[in-house]
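1. Here is a sequence together with a model predicted from it:
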Amino acid sequence: MSSSRTYKDYYAVLGVSKNATRKEIKDAYRKLARKYHPDANKSDSTTEEKFKEISEAYEVLKDAKKRKEYDEMGRYFGGPGPGGGRSTAGGADQGFSFNGFGDLFDLFGGGAGVGRGGARPQQTRTKGSDITYNVSLTFDEALKGKTVTLSVDREETCSSCGGTGAASGSGRVACAACGGRGVVADDQGIFSISRACPNCGGQGSIVERPCAACRGNGRIRAQKSETIKIPAGVADGSKLRFKGKGQAGLNGGPHGDLYVVAKVAKHPYFIRNGSDIQLDLPITFTEAALGASIEAPTVDGSVSLKIPAGTQEGRTFRLRGKGAPKLKGTGRGDMLAKVRITVPTELSGAEKELLVRFADARKEDPRKNFKE
């Protein structure tokens, strides 16, 4: 009987004698695994093959049954993969399996960031998701600012397990589905595609005994009261960010952010345009013709405004500093009062007589330029 598989002296690979104890084999593997682990030698691509070789040797020699078959069969040993160490018909190479990578987590202590029970496999710290809430404000509240209290529905770090997802006295262990690698390969004919392990979500580890409070999630749903300050000058649709008040992160990751969108109600006569406030200011046609001193409304209350004689429709008066507070910057915008001349729709006999006499005295023709 012959075998196409290249014989490997697993004892030589680990640097131990054939009479080595299981502890000596384990210690040798531990030392070599630390030295050749790919994560510790990212700049040297050759270490990955060396790491596979020593892991393959350890897979066989740590198991009493496989070690016995290896010692007895020598070059005809079929490999460390599933199905035992017997050679297949024709001596086909069964190759190396990563199913034993759970032992890697047993060997590496806290110094390597992995382990079983007290030590914990490395996990990806993921920032929590952001949350968006709408806040309704009156026109005046948006100008002056307001402190509001929101009841925020969000994921919070589980207080029972501190976000680990593991029950007290438990921890994380290597995922059996991917052998602790975090990825699995899907064979697609002549090639294979690697994807995140669905069993552990690409973490490479799973909770040994899930926390009863959060069921291993590390987070729980809760209503939290958040008091936030809406600054003066927000406009309709303004989006305010409150850092760290969003969803709790995974595996100790930071919280996401809370975004508050201002929904500002319309005012009966004021209109926001950036930091300026616009107002259509009605005056009578006699005030426009003769001039007058009138009371004009502003967001701070009424102010006296002088209307010059002969003021025309559409003239705009700028009241500086009477607009909205500038959200980004200092100071305030202006109020722009645009004149709208009102014309009476009903006149008494005496009023008509006065206007006729006024027209006769003026003998004005505003359309004279249209005549040839």
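-> Ah, there it is. Numbers count the residues shown, from 1 in each chain.

2. The stretch 1-150 of the chain: strands as residue ranges?
-> Assigned by DSSP state E, counting those that start in this stretch, the strands in the stretch 1-150 of the chain fall at 131-137, 146-157.

3. Run through the helices of the stretch 51-200 of the chain in chain order.
-> Along the stretch 51-200 of the chain, the stretches classed as helices by DSSP state H, counting those that start in this stretch are 64-73, 102-107, 139-144.

4. closest one to residue 278 among these?
-> Each of those has some distance to residue 278 by CB to CB; the shortest is helix 139-144, at 12.8 Å. The C-beta positions use only the backbone N, C-alpha and C, and glycine is treated the same way.

5. List the contacts of that closest one.
-> Here helix 139-144 makes contact (CB atoms under 8 Å, 6 or more residues apart in numbering) with 230, 232-236, 262, 264-267, 270, 272, 299, 324-325.

6. Quick check: chain neighbours aside, which residue is closest to residue 274?
-> Leaving aside its sequence neighbours, residue 274 sits nearest to residue 333 (CB to CB, 6 or more residues apart in numbering; 6.5 Å).

7. and the one you found, what does it touch?
-> Applying CB under 8 Å, 6+ apart to residue 333 gives the contacts 274-277, 323-324, 326.

8. one step back: let's see the ChimeraX selection covering just the buried ones among the contacts of helix 139-144.
-> Here is the ChimeraX selection string for the buried members of the contacts of helix 139-144, based on 16 or more other CB atoms under 10 Å:
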select :230,232,233,234,262,264,267,270,272,299,324,325
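
9. Run a quick neighbour tally on the residue lying closest to residue 245 once chain neighbours are set aside.
-> Leaving aside its chain neighbours, residue 245 sits nearest to residue 258 (3.7 Å; criterion: CB to CB, 6+ apart). If you count neighbours by other CB atoms under 10 Å, residue 258 ends up with 22.

10. and if you look at residue 133?
-> Counted with other CB under 10 Å, the neighbours of residue 133 add up to 18.

11. Tell me who's in contact with the residue nearest to residue 159 when sequence neighbours are not counted.
-> Nearest non-adjacent residue to residue 159, counting by CB to CB, 6+ apart: residue 213, 7.6 Å away. Neighbouring residues of residue 213 by CB under 8 Å, 6+ apart: 158-161, 220.

12. which SS class is residue 220?
-> Following DSSP: H, G, I helix; E, B strand; the rest coil, the label given to residue 220 is strand.

13. quick one: it and residue 156 touch, right?
-> Yes: counting by CB atoms under 8 Å, residue 220 touches residue 156, with 5.8 Å between them.

14. which residues make contact with whatever helix or strand residue 241 lives in from outside it?
-> Under the criterion of DSSP states H and E, residue 241 resides in strand 239-242. With contacts defined as CB under 8 Å, 6+ apart, strand 239-242 is touched by 226, 228, 230-231, 234, 257-262.

15. could you point out which element follows it?
-> Taking DSSP H and E, what comes next after strand 239-242 is strand 258-264.

16. how distant is that next one from the center of its chain?
-> In terms of CA atoms, centre = their mean, to the nearest Å, the centre of strand 258-264 is found 17 Å from the chain centre.

17. Give me the contacts around it.
-> If you take CB under 8 Å, 6+ apart as the criterion, strand 258-264 is touched by 130-139, 142, 150, 152, 226, 228, 230, 234-242, 245-246, 272.

18. what pairs with that strand, and is each one parallel or antiparallel?
-> In the sheet, strand 258-264 lines up against strand 131-137 (parallel), strand 239-242 (antiparallel) (DSSP bridges).

19. Show me what the next helix or strand after that strand packs onto, helices and strands only.
-> Remark: after strand 258-264, the chain's next helix or strand is strand 270-273, criterion DSSP H and E. Under the contact criterion of 3 or more CB pairs under 8 Å, 6 or more residues apart in numbering; DSSP states H and E, strand 270-273 touches strand 276-284.

20. Name the residues of the strand it packs on that are buried.
-> Going by neighbour count (16+ other CB under 10 Å), the buried part of strand 276-284 is 276-279, 281, 283.

21. just to revisit the earlier point, quick check: which of the strands of the stretch 1-150 of the chain is nearest to residue 72?
-> Ranking these by their distance to residue 72 (criterion: CB to CB) puts strand 146-157 first, at 54.5 Å.

22. Quickly run through the sheet partners of that closest one, with directions.
-> Using DSSP bridges, strand 146-157 pairs in its sheet with strand 219-230 (antiparallel).

23. Pull the residues that contact the strand it pairs with.
-> Under the criterion CB under 8 Å, 6+ apart, residues 135, 137, 141-142, 145-158, 163, 213-214, 240, 242, 245, 247-248, 250, 258, 260, 262 lie in contact with strand 219-230.

24. Show me just the buried residues among those.
-> Taking 16+ other CB under 10 Å as the criterion, what is buried in the contacts of strand 219-230 is 135, 137, 141-142, 146, 150, 152, 154-158, 163, 214, 240, 242, 245, 247-248, 250, 258, 260, 262.
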